[in-house]
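1. With the input below, show me the fold.
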Amino acid sequence: MNYAQRNYCLAEMDAYSDPDAFVSDLSLSSIWNDPEESAEIPDERIAALARLWEVVHCSMRELLAPMTPTQASRRFCIPVRTLEDWYAGRRACPVYVRLLLAESLDHAADL
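-> Below you'll find the predicted structure:
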(Lines give C-alpha, C1' and ligand atoms only; values in the text may rest on other atoms or scores of the structure.)
Protein backbone atom coordinates (compact mmCIF):
# COMPACT_ATOMS: atom_id res chain seq x y z
CA MET A 1 0.00 0.00 0.00
CA ASN A 2 1.50 3.31 -1.02
CA TYR A 3 0.90 6.57 0.82
CA ALA A 4 -1.81 7.79 -1.56
CA GLN A 5 -3.71 4.51 -1.19
CA ARG A 6 -3.31 4.58 2.59
CA ASN A 7 -4.54 8.17 2.81
CA TYR A 8 -7.55 7.34 0.63
CA CYS A 9 -8.38 4.38 2.88
CA LEU A 10 -8.05 6.54 6.00
CA ALA A 11 -10.37 9.15 4.50
CA GLU A 12 -12.95 6.45 3.71
CA MET A 13 -12.72 4.80 7.13
CA ASP A 14 -15.19 7.18 8.79
CA ALA A 15 -17.92 5.84 6.52
CA TYR A 16 -17.61 2.35 8.07
CA SER A 17 -18.54 0.94 11.44
CA ASP A 18 -17.73 -2.65 10.49
CA PRO A 19 -14.10 -3.64 9.87
CA ASP A 20 -15.05 -6.52 7.56
CA ALA A 21 -17.10 -4.22 5.34
CA PHE A 22 -14.22 -1.72 5.28
CA VAL A 23 -11.70 -4.36 4.24
CA SER A 24 -14.05 -5.92 1.70
CA ASP A 25 -15.06 -2.66 0.02
CA LEU A 26 -11.63 -1.04 0.01
CA SER A 27 -9.84 -4.17 -1.19
CA LEU A 28 -12.01 -4.00 -4.33
CA SER A 29 -11.50 -0.26 -4.86
CA SER A 30 -10.14 1.13 -8.10
CA ILE A 31 -7.25 2.76 -6.19
CA TRP A 32 -5.24 -0.44 -6.60
CA ASN A 33 -5.23 -0.22 -10.43
CA ASP A 34 -5.94 -3.93 -10.75
CA PRO A 35 -6.38 -5.26 -14.28
CA GLU A 36 -10.01 -5.69 -15.32
CA GLU A 37 -9.66 -9.47 -15.63
CA SER A 38 -8.07 -9.84 -12.20
CA ALA A 39 -10.42 -11.79 -9.93
CA GLU A 40 -8.08 -12.43 -7.02
CA ILE A 41 -7.31 -9.95 -4.26
CA PRO A 42 -3.79 -10.26 -2.84
CA ASP A 43 -3.67 -11.53 0.75
CA GLU A 44 -1.16 -8.77 1.59
CA ARG A 45 -3.75 -6.12 0.66
CA ILE A 46 -6.41 -7.66 2.87
CA ALA A 47 -3.94 -7.96 5.76
CA ALA A 48 -2.76 -4.35 5.35
CA LEU A 49 -6.33 -3.02 5.31
CA ALA A 50 -7.25 -5.06 8.39
CA ARG A 51 -4.13 -3.83 10.18
CA LEU A 52 -4.89 -0.22 9.24
CA TRP A 53 -8.35 -0.61 10.79
CA GLU A 54 -6.84 -2.18 13.94
CA VAL A 55 -4.27 0.59 14.42
CA VAL A 56 -6.89 3.32 14.08
CA HIS A 57 -9.48 1.61 16.32
CA CYS A 58 -7.50 -0.16 19.04
CA SER A 59 -6.97 1.35 22.47
CA MET A 60 -3.69 3.07 23.22
CA ARG A 61 -3.10 0.44 25.89
CA GLU A 62 -3.29 -2.24 23.19
CA LEU A 63 -1.21 -0.25 20.70
CA LEU A 64 1.60 0.46 23.14
CA ALA A 65 1.48 -2.80 25.12
CA PRO A 66 3.25 -3.72 27.30
CA MET A 67 4.47 -0.16 28.02
CA THR A 68 2.99 2.00 30.74
CA PRO A 69 2.31 5.67 30.00
CA THR A 70 5.55 6.57 31.79
CA GLN A 71 7.59 4.12 29.71
CA ALA A 72 5.94 5.30 26.48
CA SER A 73 6.61 8.90 27.50
CA ARG A 74 10.31 8.20 27.90
CA ARG A 75 10.53 6.31 24.64
CA PHE A 76 8.55 8.68 22.42
CA CYS A 77 9.03 12.04 24.22
CA ILE A 78 5.28 12.48 24.59
CA PRO A 79 4.15 14.15 27.83
CA VAL A 80 3.09 11.56 30.38
CA ARG A 81 -0.19 13.38 31.07
CA THR A 82 -1.08 13.19 27.36
CA LEU A 83 -0.40 9.46 27.32
CA GLU A 84 -2.39 8.97 30.53
CA ASP A 85 -5.33 10.76 28.91
CA TRP A 86 -5.02 8.61 25.79
CA TYR A 87 -4.76 5.40 27.84
CA ALA A 88 -7.79 6.35 29.93
CA GLY A 89 -9.83 7.43 26.89
CA ARG A 90 -10.24 10.99 28.15
CA ARG A 91 -8.74 12.29 24.91
CA ALA A 92 -8.34 10.73 21.49
CA CYS A 93 -4.91 10.22 20.03
CA PRO A 94 -4.69 11.72 16.53
CA VAL A 95 -4.65 9.13 13.76
CA TYR A 96 -1.34 10.37 12.38
CA VAL A 97 0.29 9.85 15.81
CA ARG A 98 -1.20 6.34 16.03
CA LEU A 99 0.28 5.52 12.63
CA LEU A 100 3.70 6.89 13.59
CA LEU A 101 3.68 4.96 16.87
CA ALA A 102 2.61 1.74 15.15
CA GLU A 103 5.31 2.14 12.51
CA SER A 104 7.92 2.93 15.16
CA LEU A 105 6.98 -0.21 17.06
CA ASP A 106 6.96 -2.17 13.78
CA HIS A 107 3.30 -3.09 14.34
CA ALA A 108 2.44 -1.63 10.98
CA ALA A 109 5.46 -2.02 8.74
CA ASP A 110 3.14 -2.67 5.78
CA LEU A 111 1.11 0.50 6.28
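
2. Go ahead and measure how far stretch 96-109 is from the middle of the chain.
-> Centre-to-centre, stretch 96-109 and its host chain are 8 Å apart (CA atoms, centre = their mean, to the nearest Å).

3. now swap in stretch 81-91 and tell me
-> In this view, stretch 81-91 has its centroid 18 Å away from the chain centroid, taken as CA atoms, centre = their mean.

4. Next: stretch 59-75.
-> 16 Å.

5. helix or strand for the residue sitting furthest away from the middle of the chain, which one?
-> In the chain, counting by CA atoms, centre = their mean, Glu37 sits farthest out from the average C-alpha position, at 29.9 Å. Following DSSP states H and E, there is no helix or strand that holds Glu37.

6. So the residue nearest to Ser104 when sequence neighbours are not counted versus Glu103, what's the distance?
-> Computed as CB to CB, 6 or more residues apart in numbering, the closest residue to Ser104 that is not its neighbour in sequence is Phe76, at 7.3 Å. C-betas here are computed from N, CA, C, even on glycine. Per CB to CB, to the nearest Å, Phe76 is found 12 Å from Glu103.

7. Kindly report the same for Asp18.
-> Remark: distance between Asp18 and Glu103 (CB to CB) = 25 Å.

8. do Tyr8 as well
-> Distance, Tyr8 to Glu103, by CB to CB: 18 Å.
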